Each structure stands twice: as C-alpha cells, then as structure tokens.
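Participant: Using only what follows, build the 3D model:
(chains A and B)
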Amino acid sequence: MENIERQIDRSQMTVSDEVAIDIRNMNKWFGSFHVLRDIDLTVHKGERIVIAGPSGSGKSTLIRCINRLEEHQAGHIVVDGVELTNDIKNIDKVRSEVGMVFQHFNLFPHLTVLENCTLAPIWVRKVPRKQAEATAMRFLEKVKIPEQAGKYPGQLSGGQQQRVAIARSLCMQPKIMLFDEPTSALDPEMIKEVLDTMIQLAEEGMTMICVTHEMGFAQAVANRVIFMDQGQIVEQNNPTDFFNNPKSERTKLFLSQILGH
Amino acid sequence: MSDTHAQTVAFVRDTMLPSAAPPIRESGAIRWLRENLFAGPINTILTILGALIVWFLVATFWDWFAHSVWNASSLNECRAIIVATWGEGARGACFAVIRERWNQYLFGFYPVELYWRPTMTFGLLMVALAPVLFSASLTIRRVILIITAVVTLSAMVVLGAPVGWLIFAALVLGAGLFASERNITWMLPFSLIYPLLGVWFLWGGTLWGPIFVLVGPLLGWAAWRVLSRVSPLLATVAAILVTLLFWLLLAGNAASDAEALLPLSIEAVRSDRFGGFLLSLTIGVAGIALSLPLGIVLALARQSDMFLIKSLSVIFIEFIRGVPLITLLFVASLLLNYFLPPGTSFDIILRVIIMVTIFAAAYMAEVIRGGLAALPKGQYEAADALGLDYWKAQRLIVLPQALKISIPGIVSTFIGMFKDTTLVTFVGLYDPLKSMSDAVRANIEWKGIYWEPFIFVGGIFFLICFGMSRYSMYLERRLQRDHR
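Facilitator: This next block holds a predicted model:
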C-alpha cells in the first residue's frame, strides 16, 4: 500500500454504458486441467478492473484469452464488438486494439527504445515513420523517459523497461489495456514509478484490466475488484466493500494472508 | 573512525566514502607467465612438454622450409639446386611448382586469355557484398573497396582485359566506392542482379539467358499479385509454377530468339574448363548465398503448426542429413540424367551447386532452429500482442534475434561447406586439392611432387575460412545489444 500516495478522483471519471469486453460462459483447459470455468465478465468502456487471486487461479490465463494469446475452448469472447474465433483477421484486429503489458516486459532487445515503440504503428497501422516517431516521443515523455529513446532495453533498469513497455503499447493507441502482473518482477523501489504511470492512465479514462498483487493500487484506482480461485470468479465488488467487507470465506482468507502482515 | 559512533550499536554514516583507486597488484610479464604457464606442477609439466613438441616440429621442418626453391622448371631441377646449394642429402621444399602452375590452381583450365573475367567477377562480388556484409562501418568498407578496386583493376590490366570491360569494371567499382561514402544501400539493386551477372561473366554466352531467367520470377510475382486476393496459398503455388514452367519451357527458346534479333554475347566457357579455386569459390559462394534462405525457410517450416509443412520439412532435413554429401554428388552427376527428359543438358556445376545447397541447408535449418528455440516465448507473445502477423513477427522480431544467436553455427556450416567443395573431385570436377594436384603431377616435370601443392592449397583454404571466422566474430560483437 505504501506505493500509492493519492486516490484518484472517482467522481470525475465516468464509466460509459458501452461494452468493451464481453465474456460469456468461457471455459478453457490445459490438457485435462480445467483452468478457467464458466467465466462471465462484462467490462464497460472506461472501467478499471483489478483481478486478484492466488497463483494458479487462472488470472493471467483469463486476460491472455482476451487478446488470444491463449485460445478458449468453449463460450464467447467479444472484444470491442469483434468476436474472437479462429479467424486470424479478427484476432489481429482485436490485438491491434488491445494493448498488453507483461510481467517480464518482453521488450525487443535488438531494437532501441524508440524502435520498440514505433515498430507496431509503422508495420501494423502503416503510420509514416516520422509521425510514428513523434507519437512515440510523446508517449515516452508521458512515461517520463524521453531521454532514453536511443538506448537499448538492456541498458535500462527494470522500472524503466516496464514504462517503455507501457509506452510501446500506448503507441498503438489501444482502446483497452491489459496488465499481467506488471510490477511482480520489479525491485520495490521501482514499483512506484510503474504504478504512477498506470494511475495516470486510469485518470485519462483508459479501459484497464490489471492482474496484480498491489492491493493499494486496487483500492486507489479500481472501480471493480475481481477475486479468482481455482479458475472461477469467486467474488467481485467495488474496492471499498471488497476490502472492508468481503463476503466469501476464500476471499477473507486470501485478504488476511496478503494484508495481514 | 570519524564517522562512526564507536560506543553505540546503532550506526549512522555522516559522510559517504569517495571511490578509491584499486590496489596496485603484481602485473606485467612475470605475472602472466606465472598465471598461465607455471600455475602448478601439472601446469608446469604440460608447459615444458608443449615447448618440447613445438621444438621438435620446428626442428624437423625448419630445414625443409629453409631450403625452399622458388625458381625451377621441374622437380628434378629443384632437387639438383637443393643438392648443389645445401650439399648431398639435404632436403628442401620445391615451391617452384606453385610459381609455375599457380594459374591452374586458381583458374583450372579456364582459357588463359579470359582469366580477367573470373578476376573481374570476384572483384565485383566484393562490391555486391558490401551493402550486405559491411553495412555498419564506413572505415572497413572503404578499406575493403579500395583494396578490391586497386587489385581487381591492376590484375585485369596485367591479364589483358579489353578496354571496354576495364572501363565497365572501373565504373562499377567506382560506383561502389561512391555509394559507400554516401549511402551503401544504393548498391543493393546491384547486389540483387549480381548473381545473374556473375554467372554470365563466368560462363559467357548470351546475356539474354540471364535476362530471361530474371523474367521467370517477375512473371511469377505478377501471377501472385493477381491471385493473392483470391487465396494466398493458391497464389504462392501459382507463382512457383509459373516461374518453373517459364524457365523450363520458354526461357531457352526466348533467349536464342532474342539473341538472333540483338546479339549480346561474350565468348562462352564450358563447365569442364572450370577448376581450382575458381570452381571452389563458385560453388562455395553460390551454396552459401542459397543455403541460408533455404535453411531459414526449412527451420520455420519445422516449427510450423501445419502438419503437412512440418512433416515435409522434417523428412527433408532428416533425409539429407542422413546421407553423405558424396552420395548426393553422385546422384547429381549420374542419376539425375536418367530422370530428366532426353536431350536436356543440365549443367554439372549447377547440379553440384543444387546438391551442396540442399545439403548445407539441412544443417543450417537445424542450427537456426536452435536459435529459434533459444528465443524467450515472451518475444513471440509481445509480437503477437502488438498485432504483428506471422511473417512480420518472424521478419522483424524473431529472425533478427534467432539468426544473431545462430551466427557461430551458421558460419561453421558455411566453413564446412566451403571445405566440402573439394569433394567435387569425385564427380570429375577439378577441385583445387586433389584433381588439380593430380593434373599437375600428371606432367612429367612435376611427377612426384606432393607436399608443396597441398601446403599452398591448404594455406588458401585456411585464409578464406579464417577470414569467415573472424568476420563472424566481428558481426557478433557488432550485434551485441545487452550491455552487461
């Protein structure tokens, strides 16, 4: 919690009625292991959702299904009005509208920071190079590392790399951002700079789904917290009620374990 | 202890220590000797043993080298000179054979008055390679291109090249140097047409041949453009079919018709006149240039999710790797003629190049597969998550990294393949090592000479292979991106 200094002003932030992501009866198996069971989840435009839960509960798999890094075997996932099927065109369309930030950054080590940020806009969106570079610099300024544009990822600290990864996703001007444990691989001193960037994004009204163990971030930013266990959504609520008044025993146990010490 | 409060357990530092220079340790030659040669009893014994072996080798061969004869017209004359100079029973090398026959080791039986053509071809090869191999460093490029220009042009003058071709070579070399100073990528179009030009320079004949060879893929590309909207798979198949059919059925006649209308030919040289390092380099360079792309395609195919493509690739790779190269060369020289329609003449060097290429490509594919496997899964996922399609992800993210990882293996394969070009001796081609030396020894003047040609040929092979090895190390250093 100590990483979060400010609460964002929720009264200023509107969640529209427009549906961004609609997941119905979604099931997924890894081999015979039933990893996601009957997931139903509707995310509206502008919503900021935090997914919490013990490891192995399927949180990461769930958000990786949203941009089809994992394939679901039953049910429906509709992202921004496009249903994810085996149609490769739909998949690429969804992927170009959905940004993703990974636990291990996954920057391209053979390209400079600036090239990392301009690659997808140039090759996927067909943006002219000059314009793509201008956009990239704007987002690098936003994550506060424009001076690193000419360096290679290997020369940056973990926190800087993760901020570059966020800028790289933003350069595609996505409608939805997915965060898969963005601070789990970072040193404590660097977590804050990444969380600050994410809070700033939230304030600008970005639709976000964030798998994280940063409960302070959830309290400060989320308008819905989802608790998952054994591949199922066990509880979801607004952060105030979720943290102060959890309903299910499993949630209580989880919260006592991560907040208790 | 000014900044510690000695009486208390709790400690607060008042001033930060400045960084100090490391202690001066023992250094210099003595330390190096002690650490590397005499670090312990076993190490010392090994050092002495090694020194003895080196001494034995030098003592054995020193006289032989020191008594070298460079001016003689036959082996007997050589021996007579050695005896006359160094006394009865003296041994000595007779490098005069190299001085007399170097041209055969380099050019085989290529017509002497046309030696300037392979020379020019090799010089222009450097220009064609510059944008590909030396794109990063202006200094290296400048040195290489200036040396190439001076050596090529003076060699062409000495070998009696016609003035027109001298001017042509000078223009291309000059253009290469000019582009190198400004923007070396200007030379890429030349690099692309160089293979056809090179073939024409070496074998001669009509220029229409290479031109119509070029037309095939252009027609294929047109077919692909038309059909790609219908189905990408169909378009690809059609493009390949159109190209092959054009080459097999139309290109030959079209070239001779065009030649009749507008003659554009230089003196033709048949494949059986090729030999020595001209042959090795022709097969080696062509094999290297072709096996890398084929190897990449095979490696990607082997990783493919599509069962048919994956199986074909696995079968191809495992079959080719399971068969000795000599078997493939025999297939190329003997069996292939049975399968081809009667009357088709399919050049023996071309057949050998094809076999060497697929052989090297199978190994290459496995080397590159290693590079692909070494890439973290996150790289593929990040590329996917950004919406890059398969080919863009491979081209922009996966292959640049996988190939970089594979550089040592790829260059090893290249070096192995280049040395294997000497195996063409078994299908009747004049490789520099065996066939060429046999041909030299067949002459009564040099009958019985053995070591000297091998040392000469081995030396050239070593220079080329060592060059490739050093280049690969330079490339690895240049592509180093993790600053740890």
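
Participant: Quick one: the strands in the chain, in order.
Facilitator: Looking at chain A here, since you left the chain open. Assignment of strands within chain A using DSSP state E yields the ranges A:19-30, A:33-44, A:48-52, A:74-79, A:82-83, A:98-101, A:176-180, A:207-211, A:224-229, A:232-237.

Participant: not what I meant, chain B
Facilitator: Using DSSP E, the strands of chain B run over B:205-206, B:265-266.

Participant: out of those strands, which comes closest to chain A?
Facilitator: Closest of the strands of chain B to chain A is strand B:205-206, at 42.1 Å (criterion: C-beta to the nearest C-beta). Any C-beta I mention is one placed from the backbone N, CA and C, and that applies to glycine too.

Participant: The closest one - which strands sit beside it in the sheet, and in what orientation?
Facilitator: The strands that strand B:205-206 pairs with in its sheet are strand B:265-266 (antiparallel) (by DSSP bridges).

Participant: What are the contacting residues of the strand it pairs with?
Facilitator: Contact with strand B:265-266 is made by B:117, B:200, B:204-207, B:259, as judged by C-beta atoms under 8 Å, 6 or more residues apart in numbering or on different chains.

Participant: For residue A:215, see how far away residue B:211 is.
Facilitator: The gap separating residue B:211 from residue A:215 is 72 Å, by C-beta to C-beta, to the nearest Å.

Participant: which bits of the stretch 1-150 of chain A sit near chain B?
Facilitator: Residues of the stretch 1-150 of chain A lying close to chain B by C-beta under 8 Å from any C-beta of the partner chain are A:67-69, A:88, A:92-93, A:95-96, A:98-100, A:102, A:104-110, A:119-120, A:123-124.

Participant: again, only this time at 10 Å
Facilitator: Contacts of the stretch 1-150 of chain A with chain B, taken as C-beta under 10 Å from any C-beta of the partner chain, map to A:64, A:67-70, A:88-89, A:91-112, A:115-116, A:119-125.

Participant: ok, of these, which come out buried?
Facilitator: Neighbour counting with 16 or more other C-beta atoms under 10 Å in any protein chain shown marks A:64, A:67-70, A:91-112, A:115-116, A:119-124 as buried within the residues of the stretch 1-150 of chain A next to chain B.

Participant: hang on, residue B:429 packs against residue B:333?
Facilitator: Yes - between residue B:429 and residue B:333 a contact is recorded at 8.7 Å, counting by C-beta atoms under 10 Å.

Participant: Please tell me how far residue B:245 sits from residue B:222.
Facilitator: Residue B:245 sits 14 Å away from residue B:222, taking C-beta to C-beta as the criterion.

Participant: Helices of the stretch 301-450 of chain B, start to end?
Facilitator: Assigned by DSSP state H, counting those that start in this stretch, the helices in the stretch 301-450 of chain B fall at B:307-321, B:325-330, B:336-339, B:348-374, B:377-385, B:390-392, B:399-420, B:435-441.

Participant: Repeat that for the stretch 101-250 of chain A.
Facilitator: Along the stretch 101-250 of chain A, the segments classed as helices by DSSP H, counting those that start in this stretch run A:113-123, A:129-142, A:158-170, A:188-203, A:215-221, A:239-244, A:249-259.

Participant: Tabulate those (CSV), appending mean pLDDT.
Facilitator: Output for the helices of the stretch 101-250 of chain A, formatted as CSV (pLDDT from 0 to 100):
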stretch, mean pLDDT
helix A:113-123, 95
helix A:129-142, 94
helix A:158-170, 94
helix A:188-203, 90
helix A:215-221, 89
helix A:239-244, 90
helix A:249-259, 88
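
Participant: just those: most buried one?
Facilitator: Burial of the helices of the stretch 101-250 of chain A is given as mean neighbour count (mean count of other C-beta atoms under 10 Å in any protein chain shown); helix A:158-170 ranks first at a mean of 25.

Participant: For it, what is the distance to the chain centroid?
Facilitator: Centroid displacement of helix A:158-170 relative to its chain, using C-alpha atoms, centre = their mean, to the nearest Å, is 12 Å.

Participant: Over to stretch B:59-79?
Facilitator: 33 Å.

Participant: what comes up buried for it?
Facilitator: Going by neighbour count (16+ other C-beta under 10 Å), the buried part of stretch B:59-79 is B:67, B:69, B:72, B:74-75, B:78-79.

Participant: Check stretch B:376-389 too.
Facilitator: Within stretch B:376-389, the residues scored as buried using 16+ other C-beta under 10 Å are B:379-389.

Participant: my read: residue B:63 touches residue B:92, true?
Facilitator: Yes - with contact defined as C-beta under 10 Å, residue B:63 counts as touching residue B:92 (7.4 Å).

Participant: Kindly list the single helix or strand of chain B that scores lowest on mean pLDDT.
Facilitator: helix B:336-339 (a mean of 72; mean pLDDT, DSSP states H and E).

Participant: Work out the gap between it and the centre of the chain.
Facilitator: Worked out by C-alpha atoms, centre = their mean, helix B:336-339 lies 29 Å from the chain centre.

Participant: helices and strands around it, which ones?
Facilitator: Counting by 3 or more C-beta pairs under 10 Å, 6 or more residues apart in numbering or on different chains; DSSP states H and E, the packing neighbours recorded for helix B:336-339 are helix B:348-374.

Participant: Tell me the buried residues in the helix it packs on?
Facilitator: Buried residues in helix B:348-374, counted by 16+ other C-beta under 10 Å: B:348-349, B:351-369, B:371-372.

Participant: same check, this time on stretch B:288-308
Facilitator: Those would be B:288-292, B:294-296, B:298-303, for stretch B:288-308 by 16+ other C-beta under 10 Å.

Participant: Now distance to chain A and pLDDT too, for the residues you listed, in a markdown table please.
Facilitator: Shown next, in a markdown table, are the buried residues of stretch B:288-308 (distance: C-beta to the nearest C-beta, whole Å; pLDDT from 0 to 100):
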| residue | distance to chain A | pLDDT |
| --- | --- | --- |
| B:288 | 23 | 94 |
| B:289 | 23 | 93 |
| B:290 | 25 | 94 |
| B:291 | 24 | 95 |
| B:292 | 18 | 95 |
| B:294 | 24 | 95 |
| B:295 | 20 | 96 |
| B:296 | 17 | 96 |
| B:298 | 23 | 96 |
| B:299 | 18 | 95 |
| B:300 | 17 | 94 |
| B:301 | 18 | 94 |
| B:302 | 21 | 94 |
| B:303 | 17 | 91 |
